[in-house]
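In: only the shape, not the letters, is given here:
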Ligand SMILES: O=C(O)[C@@H](O)C(=O)CO
Ligand SMILES: [Mg+2]
């Protein structure tokens, strides 16, 4: 079975954030991720990870004013200076948390911004980040997020767009973040596209669809997809990034079932 991690921004939210680390470890997870670490001192987060024997598998670069609706600033030409400052802050956290990968949210494209300028800005920002990350042995990931349900207007909403950006960046340490939930909504054909994109994938996340809840709540055949991921040359983490239908413990049937296997 794949190496599963828990996303603490969506799982274990019955508990205050600091207590989610122990809850994830108690449930059997060895790795965790969450949207943003920046509200907490890096040393505090590192302590919670160490206390619970957990690996920090991923977090996001700052993504602008989330509460105000921003979903990344990397494609915005008037935010380049802020993006660059964010890269340095993310590197400090990655080092303190011993985290190997940081994801970049491309952002929503304002109507008045041309697609060409948004694309070029994103590529240049990612190249800037990738070059700095490289010196620290870090990998940058870029996620395609569905624009049909969750993020209308998100610039990078298909695997083809994400791969066009990654190819234009042209650096070894930028990889695709493949989220099964977003890809099911936008493209489907999950096993075939996982096979084709596997050489470029740095991180996988999942939720069922519709609803973005746990495996078994929707239309994705997770037994098949997880077995398929196992058959690929993919050594990265596979993170549960779903909203439990009721509570986290009840939602973990899929995970507990994987522990029964020989
Ligand atoms: O899929 C998602 O939504 C996340 O991976 C994320 O980081 C931004 O919301
Ligand atoms: Mg995701």
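Out: Thanks, I have it. Since the model is a prediction, treat every value here as computed from it, not as a measurement. Ligands and ions are numbered 1, 2, ... in the order given.
In: for residue 17, which non-adjacent residue is spatially closest?
Out: What sits nearest to residue 17 in space, not counting adjacent residues and going by Cβ to Cβ, 6 or more residues apart in numbering, is residue 8, at 6.9 Å. For glycine as for every other residue, the C-beta is placed from the backbone atoms N, C-alpha and C.
In: pLDDT value on that neighbour, please?
Out: We have a pLDDT of 99 for residue 8.
In: got the contact list for it?
Out: Residue 8 sits next to 17, 20-21, 24, 32-34 when contact means Cβ atoms under 8 Å, 6 or more residues apart in numbering.
In: hey, what's the residue in the stretch 151-262 of the chain that ligand 2 sits nearest to bridged with?
Out: As assessed by Cβ to the ion, ligand 2 sits closest to residue 179 within the stretch 151-262 of the chain, at 3.7 Å. As for beta bridges, residue 179 partners with residue 205 under DSSP bridges.
In: same deal with residue 4?
Out: Counting by DSSP bridges, residue 4 forms beta bridges with residue 238.
In: quick check: it touching residue 257?
Out: No: if you go by Cβ atoms under 8 Å, residue 4 and residue 257 don't touch, sitting 11.5 Å apart.
In: what about the residue of the stretch 151-262 of the chain closest to ligand 2, neighbour count?
Out: The local packing of residue 179 (other Cβ atoms under 10 Å) involves 21 other residues.
In: so it touches residue 242, yeah?
Out: No: counting by Cβ under 8 Å, residue 179 does not reach residue 242; the two are 10.5 Å apart.
In: sorry, back to before: quick one: which of residue 4 and residue 257 has more around it?
Out: residue 4 (19 against 14).
In: all strands for the stretch 51-200 of the chain, in order.
Out: Under the criterion DSSP state E, counting those that start in this stretch, the stretch 51-200 of the chain contains strands at 55-60, 101-104, 139-143, 174-179.
In: packing partners for the shortest one?
Out: Secondary-structure packing of strand 101-104 (3 or more Cβ pairs under 8 Å, 6 or more residues apart in numbering; DSSP states H and E): strand 55-60, helix 80-97, helix 115-135, strand 139-143, strand 201-206.
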